[in-house]
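> 3D, please:
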Amino acid sequence: MNRLRTKIRLSTFQVIIFSFAGVILIGALLLCLPFASRDGCAASFEDALFTSTSAVCVTGLIVRDTWWGWTVFGRTVILLLIQAGGMGVVTIAILISLFSGRKISLSQRTLMKEAISAEKIGGIVRLTSFILKFTLAAETLGALFLAPTFCRHYGAVRGIGFAVFHSVSAFCNAGFDLCGEPEPFSSLTAYAASVPVNLTVMLLIIVGGLGFRTWEDIGRHRQNVGRYQLQTKVILSMTLFLIFLPALYFYFFEFRGEPFGERLLASLFQAVTPRTAGFNTVDETALSETGKMVIIFLMLIGGAPGSTAGGMKTTTAAVLLASAVAVFRHRQNAEMFRRRVEAEVIRKAAALLLMYLLLFLSAGMVISRVEGLPLLPCLFETASAIGTVGLTLGLTPGFSLVSKVILMLLMFFGRVGGLTIMFAAVSYRSDCVTLPREDIAVG
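Modelled structure (predicted):
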């Protein structure tokens, strides 16, 4: 009698998805342990799963305050989940293989390439090593700059712990904080006037959100900007544009009653944190509807590909803008920095925009109907989830199970990536037949 052997072959994209899902499940089980909760009772699987999903997807949406809800063990688990999600689960797995002395196979290199949005397989191990060193250096420096302020407020031991936690959370664009002791869910509002905390957190968010490939390119060519890759130029220019333009809006229209220093800090912080960190130094509910819409747009765009940030990505927005400009100017090809953008890239960008808008809008409408709430606040929460941001108008903790599941799915989609999920679900088939062409009117 012949034995039937079934061999399951997973695509690179499916491995990435299952890796994230596996870490989320392990984190949820650890957070369900009785000694992970401060009240000594085991957290419900619903709360643990939501917290684990938010941490691994580096979002920051929470259903219980991180300080009041979890013990040191629970907060340590959350910190490790944030680190795994920020660097990428696959990246950490490859690093473990490297440290154990095992040889990295071609399939593992291919997996790593897709996980960090690398340009090619060649040099992927070197890039992985760079990611580890850069992450440790950035988080260590961030903790050193934050430590004096936190140590002054909480004492040496607790202050250093707070500095490390917030440095990792900021660099990984997670938005989790431990500042809820005076008032739960208060984030960094107590430090709205603190220059060291504001500048350090903003810099960590920006550094993490630019992407590891960007920093490697900058490190390679340094001041020779002309030799930067096109992607690096696009990411840097879009980042500057998406920080300073919204900051001007917030400065002149949202925080007019504040003193100059606090007004400037709040304006810059509100421009930086929606892409995609989730910390806040002001009450988000006090913003005008226009201000909330500006934040929604920033949350949907997110950071750079291959970074610790989520969202649709700055390069996607830039490609779509370049394509629109080409159409308006009757140009055949989209151009950026005197380089032509391939049609395939434009198609992917358009598909991503459509997916994000459909999911963000439809999820917001469903939650609005289920919870009986106005649409705009619900859209704020869904944009925060799919952009893996973590900013909230205070609605998420009170949502029903249905709405929380929707937010968890959006967070997972936003972190893993829309194209990764689509490629994992749909088998690849090359075009073997060229069909007849026929024009169709648009616009």
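> what's the longest helix in the protein?
Longest helix in the chain by number of residues, with DSSP state H as the criterion: helix 124-154.
> flag every buried residue along that helix.
For helix 124-154, the neighbour count (16 or more other C-beta atoms under 10 Å) marks 124-125, 127-128, 130-132, 134-135, 138-139, 141-143, 145-147, 149-151, 154 as buried. All C-beta atoms are positioned from the backbone trio N, CA, C, and that covers glycine.
> now the strands: where do they sit in this structure?
Secondary structure of the chain (DSSP state E): strands at 334-336, 339-341.
> so who does A192 touch?
Listed by C-beta atoms under 8 Å, 6 or more residues apart in numbering, the contact partners of A192 are N198, E262, L265, A266, T281, V282.
> mind checking pLDDT for it?
As predicted, A192 sits at a pLDDT of 93.
> of the contacts of A192, which belong to helices?
Filtering these for helices - DSSP H - leaves N198, E262, L265, A266.
> ok, back up a step: so which of the contacts of A192 wins on neighbours?
In terms of neighbour count, L265 stands highest of the contacts of A192 at 24 neighbours, by other C-beta atoms under 10 Å.
> excluding chain neighbours, what is closest to that one?
N198 (4.8 Å; C-beta to C-beta, 6 or more residues apart in numbering).
> does that neighbour touch F269 like I think?
Yes - taking C-beta atoms under 8 Å as the definition, N198 is a contact partner of F269 at 5.7 Å.
> what's the overlap in contacts for the two?
Common neighbours of N198 and F269, counting by C-beta under 8 Å, 6+ apart, are T281.
> quick revisit: can you say which of the strands of the chain is packed in most?
strand 334-336 (a mean of 18; mean count of other C-beta atoms under 10 Å).
> what two of the ones in helices among the contacts of A192 are the furthest from one another?
N198 and E262 (9.5 Å; C-beta to C-beta).
> nearest residue to G291 other than its sequence neighbours?
Looking at G291 with C-beta to C-beta, 6+ apart, the closest residue is E254, at 4.9 Å.
> ok, the one you found - contacts?
Going by C-beta under 8 Å, 6+ apart, E254 touches S267, Q270, L287, S288, G291.
> pLDDT value on the nearest residue to T314 once chain neighbours are set aside, please?
Spatial nearest neighbour of T314, chain neighbours left out: M238 (4.1 Å); criterion: C-beta to C-beta, 6+ apart. With respect to pLDDT, M238 scores 95.
> okay, now M238: neighbour count?
M238, neighbours per other C-beta under 10 Å, totals 21.
> was I right to think M411 contacts T388?
Yes - in terms of C-beta under 8 Å, M411 counts as a neighbour of T388; the distance is 6.0 Å.
> follow-up on the earlier one: and the residue nearest to T314, how close does it get to L395?
M238 is 30 Å from L395, where distance means C-beta to C-beta, to the nearest Å.
> how close does R213 sit to G306?
For R213, the distance to G306 - C-beta to C-beta - is 5 Å.
> can you check which residues contact both of M411 and T388?
With C-beta under 8 Å, 6+ apart, M411 and T388 have common neighbours C57, T59.
> please say which of those two ends up with more neighbours.
Taking other C-beta under 10 Å, M411 and T388 do not tie; T388 has more neighbours (33 against 30).
> dump the residue contacts of the more buried one.
Taking C-beta under 8 Å, 6+ apart, one finds C57, V58, T59, N173, T276, G302, A309, G310, G311, M411, G414, R415 in contact with T388.
> equivalent analysis for S186, please.
Here S186 is in contact with C179, G180 (C-beta under 8 Å, 6+ apart).
> wait, the residue nearest to T314 sits on T316?
No - using C-beta under 8 Å, M238 makes no contact with T316, being 9.8 Å away.
> gap between stretch 217-225 and the chain center?
Taking C-alpha atoms, centre = their mean, to the nearest Å, one finds stretch 217-225 lying 25 Å from the centre of the chain it belongs to.
> so G414 makes contact with V58?
No - contact criterion C-beta under 8 Å: G414 and V58 do not qualify, at 9.5 Å.
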